[in-house]
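>>> Next come a sequence and a model predicted from it.
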Amino acid sequence: MTDPLTARIWLFRSYYLTLCLFVLIWQILPLGRDDGAIPVPHLIMALTFAWLLRQPNIVPLGAVAAVFLIYDFLTHAPVGLGALIVVLASERLRRVQPEVANMTFLGEFGMVAGTIALCTLAERIILGVLLAEQAPFLQVALHAIVTIACYPVIVLVSKYLLGLDRLHAADPDNV
């Protein structure tokens with residue numbers, strides 16, 4: 001019989017993958033969104049960063065890589081570029097998670113906002129160096145701002161609806 005901690009980890013891993021799949025399907029469906037409207041936030045990135053900073057053992061590296069590689073394929077983004085950038089950013093957040101665990105939410109939010117901005121900027125620079133076609137800068141910046149703005153909502157839903165609490169640096173489960 002498995003211990004409750006392992007069962008909880010696998011339960012939340014299945015939640016993570018199910019939520020990512022749901023968001024992917026929702027984003028590729030033709031729902032009649034206008035091109036001039038506010039862009040849809042990158043919910044999978046915000047969800048990954050929120051859950052990674054809450055309990056890093058729930059979001060393994062392989063799952064992050066697979067989810068974002070599938071995201072790149074399904075959204076016709078440059079295959080592997082977004083996945084690589086988010087994997088590198090998530091591993092950076094995983095490394096600093098014990099320090100973030102003792103921060104206030106405002107500090108955590110600032111770190112995630114900076115990480116999302118750096119991911120957006122890195123992708124923009126790499127595509128520019130490769131002379132690839134890009135969306136207008138204002139549209140890309142607005143997409144990052146909307147993603148940053150949805151982060152607190154994802155944290156609230158994760159904490160109060162799904163029961164995903166933050167691990168503190170002193171917790172034995174914080175590995």
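That came in fine, so what should we check first? Residues are numbered from 1 along each chain as shown.

>>> Which of the helices or strands spans the residue nearest in space to the middle of the chain?
Residue closest to the mean C-alpha point of the chain, counted by CA atoms, centre = their mean, is Met45 at 2.1 Å. Here Met45 sits within helix 43-54, counting by DSSP states H and E.

>>> From the contact counts, what lies against that helix?
Secondary-structure packing of helix 43-54 (3 or more CB pairs under 8 Å, 6 or more residues apart in numbering; DSSP states H and E): helix 4-28, helix 61-74, helix 81-101, helix 105-129, helix 137-156. Yep, even glycine has a C-beta here, placed from its N, CA and C like the rest.

>>> so which of these gets nearest Val40?
Nearest to Val40 among the helices and strands packed on helix 43-54 is helix 4-28 (6.6 Å), distances taken as CB to CB.

>>> Determine the angle, from 0 to 180 degrees, between that closest one and helix 43-54.
Helix 4-28 runs at 160 degrees relative to helix 43-54, counting by axes from the mean of the first three to the mean of the last three CA atoms, to 10 degrees.

>>> quick one: contacts of helix 4-28?
Contact partners of helix 4-28, identified using CB atoms under 8 Å, 6 or more residues apart in numbering, comprise 40, 43-44, 47-48, 51, 55, 57-60, 63, 67, 70-71, 74-75, 162, 164, 173.

>>> So for it, what gets flagged as buried?
Arg8, Ile9, Phe12, Arg13, Tyr15, Tyr16, Leu19, Cys20, Val23, Leu24, Gln27 (16 or more other CB atoms under 10 Å).

>>> Quick one: mean pLDDT for it?
Per-region confidence: helix 4-28 scores 92 on mean pLDDT.

>>> relative orientation of it and helix 137-156 in degrees?
Going by the same axes, to 10 degrees, helix 4-28 makes 150 degrees with helix 137-156.

>>> starting at the chain centroid, how far to helix 4-28?
When C-alpha coordinates are averaged (CA atoms, centre = their mean, to the nearest Å), helix 4-28 and its chain have centres 13 Å apart.

>>> between that helix and helix 61-74, what angle do the directions make?
Using the same axes, to 10 degrees: helix 4-28 against helix 61-74 is 10 degrees.
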